[in-house]
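Q: My questions concern the predicted model and sequence given below.
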Amino acid sequence: MERRQFIKVLGLSSLFLHGWLRNLFAAQGPLVAVAQGTDHAGITRKALSALGGMQRFVKPGQTVVVKPNIGWDRAPEYAATTNPVVVRALVEECLKAGAKRVKVFDRTCNDPRRCYASSGIEAALKGMKNVEVKHLEEERFKNVALNGKVLKEWELYGEALSADVYINVPIAKHHGLSRLTLGMKNVMGIMGGNRGSIHKNIDQALADINASFRPHLTVIDATRILTAHGPQGGNLADVKVLNQVIASTDIVAADAYATTLFGLKPADIAVTRSAYQRGLGEMNLDKMRIVRV
């Protein structure tokens, strides 16, 4: 075989191999990392590492939003808000990856000053250089065209929209209306306007928003989960300590796995089911690569 022909064949073989490998990895489904242990900062980092580390998501000089659940005037042990240790570990990893600025915020249900203080998140991040723990400002909401099945448009928070990287950090807990609140429902923390009005068609409404605004990474805090009387909680008898952190680039897959922690199936949750039907991610556990670390 002549040299020119050999190189041509080699090139075609390489393209075929790369395509085959790409299809093979795609066939394996989304990666869901599940880390367990009592060192909550440590397991957060292990879950991240299983996905390739924070440097996969954050590049030097970027602005990052880390969006936990700070919605309620509850201490961390009540499992109504995201574990501050998990939040700090993520912020630290963003800074190590070279983030220019990390912003942490949520639209709270109770008084924001009390929520930020009671959650422990404000104190956990106090004094960290290039980190802003911000209360939302009404003038920063921007009307976004969604063109969804239920929501044609909605006001979303400008600093979330403009971030180079958006990291979604919900806590896994019971919800009286949607049964559970996980990654996809955590987007309500950047919604303006009358959020209560979406409750009638909450599964489709949340699918509309998540179809237009997608996090780069979802990290679900399941160090403690709220098993009843959510989303606000208030009774330690409803809290179960699991010492787990779940991470994935596929928000539907992350939510689907987290559902099993409550003894439920992903299809039991209308929000998850609607998102899967809309092609926003994978719901079937047997089609995921679940890595336990």
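A: Now that the structure is in, tell me what you want to look at. Residues are numbered from 1 along each chain as shown.
Q: Can I get the helix or strand harbouring residue 291 in CSV, CA atoms only?
A: For residue 291, the host element (DSSP states H and E) is strand 289-292. Provided in CSV are the C-alpha atoms of strand 289-292 (Å, rounded to 0.1, in the frame of the first residue of the first chain):
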residue,chain,number,x,y,z
ARG,A,289,-23.6,5.3,34.9
ILE,A,290,-24.0,5.5,38.7
VAL,A,291,-20.6,5.7,40.4
ARG,A,292,-20.3,5.4,44.1
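Q: In the sheet, which strands lie alongside it, parallel or antiparallel?
A: The partner list of strand 289-292 in its sheet, established with DSSP bridges, is strand 31-36 (parallel).
Q: quick one: the partner strand to chain centroid distance?
A: 13 Å (Cα atoms, centre = their mean, to the nearest Å).
Q: do stretch 94-106 as well
A: Taking mean C-alpha positions (Cα atoms, centre = their mean), stretch 94-106 and its chain are 15 Å apart.
Q: neighbouring contacts of the strand holding residue 291?
A: 28, 29, 30, 31, 32, 33, 34, 35, 36, 50, 257 (Cβ atoms under 8 Å, 6 or more residues apart in numbering). From N, CA and C alone the C-beta is placed, and that goes for glycine too.
Q: ok, which stretches of the stretch 101-250 of the chain are helices?
A: 112-118, 121-125, 158-161, 202-212 (DSSP state H, counting those that start in this stretch).
Q: and those helices, which is most packed in?
A: helix 202-212 (a mean of 22; mean count of other Cβ atoms under 10 Å).
Q: now for it, which elements pack on it?
A: Under the contact criterion of 3 or more Cβ pairs under 8 Å, 6 or more residues apart in numbering; DSSP states H and E, helix 202-212 touches helix 270-277.
Q: How far does the helix it packs on sit from its chain's centre?
A: On Cα atoms, centre = their mean, the centre of helix 270-277 falls 16 Å from that of its chain.
Q: re the thing from before, figure out how far the strand holding residue 291 is from the centre of its chain.
A: 17 Å.
Q: Quick check: buried residues in that strand?
A: residue 290 (16 or more other Cβ atoms under 10 Å).
Q: closest to residue 239 out of the helices of the stretch 101-250 of the chain?
A: The closest of the helices of the stretch 101-250 of the chain to residue 239 is helix 112-118. By Cβ to Cβ, the value is 15.3 Å.
Q: what mean pLDDT would you report for the closest one?
A: Taken as a whole, helix 112-118 has a mean pLDDT of 98.
Q: Contacts for that helix next, please.
A: Under Cβ under 8 Å, 6+ apart, the answer for helix 112-118 is 70-75, 81, 106, 108-109, 122-123, 133, 135-136.
Q: Just the buried ones out of those residues, please.
A: For the contacts of helix 112-118, buried by 16+ other Cβ under 10 Å: 70, 71, 72, 73, 74, 81, 106, 108, 109, 122, 133, 136.
Q: would the first one count as being in a strand?
A: No. The assignment for residue 70 is coil, going by DSSP: H, G, I helix; E, B strand; the rest coil, so no strand is present there.
Q: Could you tell me which residues make contact with it?
A: Residue 70 makes contact with 81, 82, 105, 106, 108, 112, 115, 116, 119, 121, 189, according to Cβ under 8 Å, 6+ apart.
Q: and the closest residue to the third one other than its chain neighbours, what is it in contact with?
A: The shortest distance from residue 105 to any residue other than its chain neighbours is 4.5 Å, reached at residue 134 (Cβ to Cβ, 6 or more residues apart in numbering). The neighbours of residue 134, taking Cβ under 8 Å, 6+ apart as the test, are 103, 104, 105, 159.
Q: circling back: between all of the contacts of residue 70, which two are separated the most?
A: Greatest spatial distance in the contacts of residue 70: 82 and 112, 15.1 Å, computed using Cβ to Cβ.
Q: on that earlier part again, hmm, which two among the contacts of strand 289-292 are most spread apart?
A: 28 and 36, at 22.3 Å, using Cβ to Cβ across the contacts of strand 289-292.
Q: More neighbours: which of those two?
A: With neighbours defined as other Cβ atoms under 10 Å, residue 28 and residue 36 compare such that residue 36 has more, 16 against 11.
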